[in-house]
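Student: Could you work out the structure for the sequence below:
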Amino acid sequence: MTSANGASPPRGIRILPPEVAARIAAGEVVERPVSVVRELLDNAIDAGASRITLEFADGGVSLIRVIDDGRGIHPEDVELAFERHSTSKIAALDDLDRVHTLGFRGEALPSIAAAADVEVMTRAESEPVAVFVVLVGGRAVRRLSRPAPVGTSMTIRDLFGRVPARRKFLGTPVSESRAVVVLATHYALAYPGVAFQVVSNGRRVLTTSGDGDIRHAFAAVYGAETAAAMLDVNYREEAIAVSGLAGPSRVHRGNRSAISVFVNGRWVQSRPLVFAIVDAYQSQLPIGRFPVAAVHIALPDSEVDVNVHPAKAEVRFRDERAVGRAVRHAIQHALEASRPVAWDAPAPASPAHILAHAGEAPAPAPALRGPQPVQASLELTRRALHVSAGQDAPEHSQRALLPLLRVVGQMGATYIVAEGPDGMYLIDQHAAHERVVYDRLLARAGGAPGGAVQPLLEPVLLDLEAPLIAVLDEHRESLHRLGLETEAFGERSVLIRAIPAGLGAVDLPAEVVRLLEKLQSETRVTDAFGRAAATVACHSSVRAGMALAMDEMRKLVEDLERTTAPRTCPHGRPTLVHMGTDAIERQFGRRSPPSDCTAGMGRLLVRYCFFPASSRSFPRQSLTTMAGKPSTSRRLIASVPRSSNATTSAFLM
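Tutor: Numbering: from 1, shown residues only. Model prediction:
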């Protein structure tokens, strides 16, 4: 039936076919391979496993296998376990208020079976042999009896094979592998009594002893040296118990990925709790650094709701502020207990001491030094010199052009102070040099002469944490193109054979670790190679707090002019800020000069800058040519001889 205009009428409401509904539900639970791994690990732990082996290949797309020694599944329940909303963990509505297991909804296995092919090998304690079942499209197509130890083995193959559109939105195999490894490290810290073994593409990346000591599990994840430095956390505030490990102020990372929070044994991603942990270190960590911690929070089931997130990654507290306060106090208590010396305020002077020294003059305060006169030549930027010589300047947008700058000095060993035709400019020396190095790295990768590679006489051995191994694997090719050449040396060690020129540091392994940590948290640059280049450039640039000579500052400004985007660093931060002449004059309450000083030429502002006459002055003809260009039409520079020893420069604005 059609309407008067020939269009078909809208269809009515209908119930979706079971296979369509299953695909939709699977998309809510199974977003990517790491979602499957999380569900399978939850089931293994709920089954009472003391040993869990996780194997995966191609980031979990082609293979995921989880083997445990738990209680197993009874033969008559195997197929039933893959029916929607079938579970052994809750039976009534009231059970949702006291969930003691990681899984409880009965949605994980059906969703996984709808998105991939599944093989199950399971044996219950009371059974002599195991049951082997193959499921395709969520339905069992084969069932056999096989010999196997007590426990369960879940094998997932060809994830999203029947949903090609979903695979398009997955990351690269290396990035997906990294997400799985990070998840496994959190579970290893959550359950130190379980022996975990993680194998990625045939290579073992994580092994824990399962002896119940969280410090040993921490050593397997972050290394023995870091684990030995960690502080014990054991604190209770009313019904909230906080335990675990927290790093001293000297142990920190470049991002928050080393902060693990567990609520009643469940790893959760809670921004308020992470903020509470970071806040406990207030003023004790360098700017931009974050602590290392594994914090377990235990509280009554009635005080927390775990049924608020499809992937069970978040929880909701009845009193979130109380939990955050307890966590903050627990970390602060651990930090206070670790201090070997109590810092006391100096005792006030006694009355007798004050009377004995009453007639003495107080010690004079150090005199303040006024601004020292600096003689410097007027410098034109390289782009302006091109214009003055009658050459065409490189094509750039008006926003990308740098103004005429004269380096005056340095402030706080961090910012270059420069004078321009329309005010003062502060240049962040680190951000500016970062842009210069970044463009050189890209030019070198593109075949143009750029940065150099610095081979090492002897390779440097570097032990890395499992998450950083995954970061290195993900960006190994890009880092190699940038000059950082590494070679695998065992499960969690690499050999550094070459580094990018400029990356040299007193402690090279620590510098490479910091580079990988920043690369792990870098999200502002989307391109993989650009992300690696931006991180290498950041660690190869001059740092804040580094004093520079005048020649070095001038060279840095000239190099910044030649870059593709001189006003921003590769991460998008500004390289310079501008304080206009008008704004400065308003701050000092100065009157503006009369507007009719010259007809049709605007306001005349004259500044006298004395510098030696031996300095090179620019020909009057070239300066006149510059004033005729559209981009410099308001800049007329005239050199007027004053004496044999000095020259006066006037700027006509």
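Student: which residues sit against the strand of greatest length in the chain?
Tutor: Counting residues, the longest strand found in the chain (DSSP state E) is strand 453-463. With contact meaning C-beta atoms under 8 Å, 6 or more residues apart in numbering, strand 453-463 is reached by 223, 483, 485-487, 489, 492-501, 503-504, 508-509, 512-513. Any C-beta I mention is one placed from the backbone N, CA and C, and that applies to glycine too.
Student: So what's the model's average confidence on stretch 292-301?
Tutor: For stretch 292-301, the mean per-residue pLDDT is 92.
Student: same question but for stretch 187-204, I mixed them up
Tutor: On average, the pLDDT along stretch 187-204 is 94.
Student: Now list the buried members of the contacts of strand 453-463.
Tutor: Among the contacts of strand 453-463, those that count as buried by neighbour count (16 or more other C-beta atoms under 10 Å) are 223, 483, 485-486, 492, 494-496, 498-501, 503, 512-513.
Student: ok, so of those, who is nearest Lys555?
Tutor: Taking C-beta to C-beta as the measure, Lys555 lies nearest Ala501 of the buried ones among the contacts of strand 453-463, at 16.4 Å.
Student: That closest one is in contact with Leu482, isn't it?
Tutor: No: look at Ala501 against Leu482 with C-beta atoms under 8 Å: they stay out of range, at 10.5 Å.
Student: thinking again about what came up before, so which of the contacts of strand 453-463 are in strands?
Tutor: Per DSSP E, strands hold the following members of the contacts of strand 453-463: Glu485, Thr486, Glu487, Ser493, Val494, Leu495, Ile496, Arg497, Ala498, Ile499, Pro500.
Student: Give me the phi and psi for Ala322.
Tutor: Dihedral pair for Ala322: phi -70, psi -40, per degrees, to the nearest 10.
Student: wait, Asp428
Tutor: With angles defined as degrees, to the nearest 10, Asp428 sits at phi -70, psi 110.
Student: That one and Ala81: what is the separation?
Tutor: As for Asp428, its distance to Ala81 is 59 Å (criterion: C-beta to C-beta, to the nearest Å).
Student: okay, how far is it across stretch 277-287, tip to tip?
Tutor: With C-alpha to C-alpha, to the nearest Å as the measure, the ends of stretch 277-287 fall 16 Å from one another.
Student: err, stretch 237-256, not the other one
Tutor: End-to-end span of stretch 237-256 (C-alpha to C-alpha): 25 Å.
Student: can you offset everything so residue one is 16?
Tutor: Sure, I'll start numbering at 16, so the last one becomes stretch 252-271.
Student: Can I get the helix or strand hosting Ser160 in PDB, CA atoms only?
Tutor: Taking DSSP states H and E as the definition, Ser160 sits inside strand 154-161. Provided in PDB are the C-alpha atoms of strand 154-161 (Å, rounded to 0.1, in the frame of the first residue of the first chain):
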ATOM      1  CA  ARG A 154      24.700 -22.100  18.900                       C
ATOM      2  CA  ALA A 155      26.500 -25.300  19.800                       C
ATOM      3  CA  VAL A 156      27.600 -27.200  16.700                       C
ATOM      4  CA  ARG A 157      29.800 -29.800  18.300                       C
ATOM      5  CA  ARG A 158      30.100 -31.600  21.700                       C
ATOM      6  CA  LEU A 159      32.700 -34.100  22.700                       C
ATOM      7  CA  SER A 160      34.300 -35.600  25.800                       C
ATOM      8  CA  ARG A 161      38.000 -35.100  26.300                       C
END
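Student: What is that strand packed up against?
Tutor: In terms of contacts (3 or more C-beta pairs under 8 Å, 6 or more residues apart in numbering; DSSP states H and E), strand 154-161 is packed against strand 145-151.
Student: ok, Arg177 - contacts?
Tutor: Per C-beta under 8 Å, 6+ apart, neighbours of Arg177: Ala130, Gly152.
Student: and the gap between it and Leu150?
Tutor: Noted for Arg177: a distance of 13 Å to Leu150, by C-beta to C-beta.
Student: now Val486
Tutor: According to C-beta to C-beta, Val486 and Leu150 sit 35 Å apart.
Student: what about these two, which has more around it?
Tutor: Neighbour totals were compared for Val486 and Leu150, and Val486 leads with 26 against 23 (other C-beta atoms under 10 Å).
Student: Return the residues in contact with the closest residue to Ile127 other than its chain neighbours.
Tutor: Setting aside the residues directly before and after it, Ile127 is nearest to Val51 in space (C-beta to C-beta, 6 or more residues apart in numbering), at 5.6 Å. By C-beta under 8 Å, 6+ apart, the residues touching Val51 are Val45, Gly75, Ile79, Ile127, Ala130, Ala131, Ile171, Leu174.
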